[in-house]
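Trainee: Sequence plus predicted model, see below.
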Amino acid sequence: MGAPSRRPDPPQPHPRRRATTALHPIAAAAAPTALALILALSSCAAPPRLAGHRHGDAARHLDRATRLAEGTLRRDHAVARAVEAFTDEAAASSPSANFRWEGRPGIDPLAFDRALPSRAVRRRGWRRVWHEEPGAGTPLVLLSDTPSDRFVGKLGEVLPVTATVSQQGAEPTLTLHDALAPGVGTTRIGGHPLARDYTAPLAFLLRRDDIMPEFRAMVHSGRYLDDLGLYRLTPYDPDRIPVILVHGLKSSPQVWA
């Protein structure tokens with residue numbers, strides 16, 4: 001009889017593959033430590049923003065805005081950040097001499113929480129006419145997330161304004177123009193009419209509105225009874241007469257925008 005056949009040895013893993021396999025548990029164990037180190041470094045590199053010390057930031061944003069081409073989104077964002085910086089100054093009771101308000105006396109633009117370039121509001125899918133006027137300046141949307149009274153809903157209130165930056169003396173000056181003020185259409189900046197955007201504030205509110213979706217609110221109206229009410233979208237103006245508009249069941253407030 002011949003010698004019994006020898007069973008072949010099982011294949012051995014490739015050395016490089018074995019080393020890679022051995023590193024997996026080590027990498028998994030080290031991942032939390034590496035993540036904690038990254039977070040610690042990030043927290044050291046980016047200190048938290050503090051309220052009440054924004055004058056330097058406002059001047060920096062204004063200086064950056066003057067260096068950027070007018071009509072670009074980067075300049076619009078720089079102007080919006082400057083407005084927010086002036087808002088922080090006003091909250092800290094340290095108003096800046098480099099800020100001016102050209103609008104209705106009963107409205108404080110620095111009482112709003114945020115400023116958003118009108119150019120940054122998404123227009124795709126908007127089913128109505130977009131009402132805007134080209135011209136000089138940067139149209140902005142001022143947004144207040146904090147309800148000031150019972151006639152301000154969960155969405156907050158907005159105000160369309162146009163910001164212009166002028167160089168008067170050593171530092172630039174930012175002027176906010178009230179887009180809803182009487183006679184604003186006759187305002188001229190450097191021989192050009194003032195740019196205004198009336199649809200962006202309403203479009204911004206309606207696009208973030210998931211409080212009463214059209215179809216679901218019509219079918220399941222009982223779920224939204226707590227959100228029913230009469231709310232205003234812009235600051236109260238005693239010189240204006242309120243007008244109440246009621247849309248149909250399958251419509252939305254966009255029909256009045």
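Mentor: Now that the structure is in, tell me what you want to look at.
Trainee: could you point out which element follows the longest strand belonging to the chain?
Mentor: Taking DSSP state E as the criterion, the chain has its longest strand at strand 157-168. Once the chain leaves strand 157-168, the next helix or strand it forms, by DSSP states H and E, is strand 171-178.
Trainee: Now do the buried residues in that following strand.
Mentor: Across strand 171-178, burial judged by 16 or more other Cβ atoms under 10 Å covers 172-178. In short, each C-beta sits where N, CA and C put it, glycine included.
Trainee: circling back: which parts of the longest strand of the chain count as buried, going by neighbours?
Mentor: 157-165.
Trainee: For those residues, work out which two are farthest apart.
Mentor: Comparing every pair within the buried residues of strand 157-168 by Cβ to Cβ identifies Glu157 and Val165 as the most remote, at 25.4 Å.
Trainee: Looks like Asp76 contacts Arg119 (just checking).
Mentor: Yes: with contact defined as Cβ atoms under 8 Å, Asp76 counts as touching Arg119 (5.4 Å).
Trainee: Neighbour count for these two, which is higher?
Mentor: The residue with more neighbours, out of Asp76 and Arg119, is Asp76; 23 against 18, by other Cβ atoms under 10 Å.
Trainee: Spatially nearest residue to the more buried one (excluding sequence neighbours)?
Mentor: Of all residues not flanking Asp76 in the chain, Pro117 sits nearest, at 3.5 Å (Cβ to Cβ, 6 or more residues apart in numbering).
Trainee: any idea how far the one you found is from Val243?
Mentor: Separation of Pro117 from Val243 (Cβ to Cβ, to the nearest Å) stands at 29 Å.
Trainee: neighbour count winner among those two?
Mentor: With neighbours defined as other Cβ under 10 Å, Pro117 and Val243 compare such that Pro117 has more, 21 against 6.
Trainee: and that one, what does it touch?
Mentor: By Cβ atoms under 8 Å, 6 or more residues apart in numbering, the contact set of Pro117 is 73, 76-77, 79-80, 138-141.
Trainee: Show me what whichever helix or strand Ala203 is part of packs onto, helices and strands only.
Mentor: Ala203 belongs to helix 199-207 when elements are defined using DSSP H and E. Judged by 3 or more Cβ pairs under 8 Å, 6 or more residues apart in numbering; DSSP states H and E, the packing partners of helix 199-207 are strand 138-144, strand 157-168.
Trainee: Which one of these has the poorest average confidence?
Mentor: Sorting the helices and strands packed on helix 199-207 by mean pLDDT places strand 157-168 lowest, at a mean of 89.
Trainee: Alpha carbons only: can I get that one in CSV?
Mentor: Extracted in CSV, the C-alpha atoms of strand 157-168 (Å, rounded to 0.1, in the frame of the first residue of the first chain):
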residue,chain,number,x,y,z
GLU,A,157,-41.8,88.9,12.4
VAL,A,158,-39.7,90.3,9.5
LEU,A,159,-38.8,93.7,8.1
PRO,A,160,-37.5,94.4,4.6
VAL,A,161,-34.7,96.9,4.7
THR,A,162,-31.9,98.0,2.3
ALA,A,163,-28.4,98.6,3.7
THR,A,164,-26.0,101.2,2.1
VAL,A,165,-22.3,101.6,3.2
SER,A,166,-20.7,105.0,2.8
GLN,A,167,-17.3,106.3,3.7
GLN,A,168,-17.5,109.3,5.9
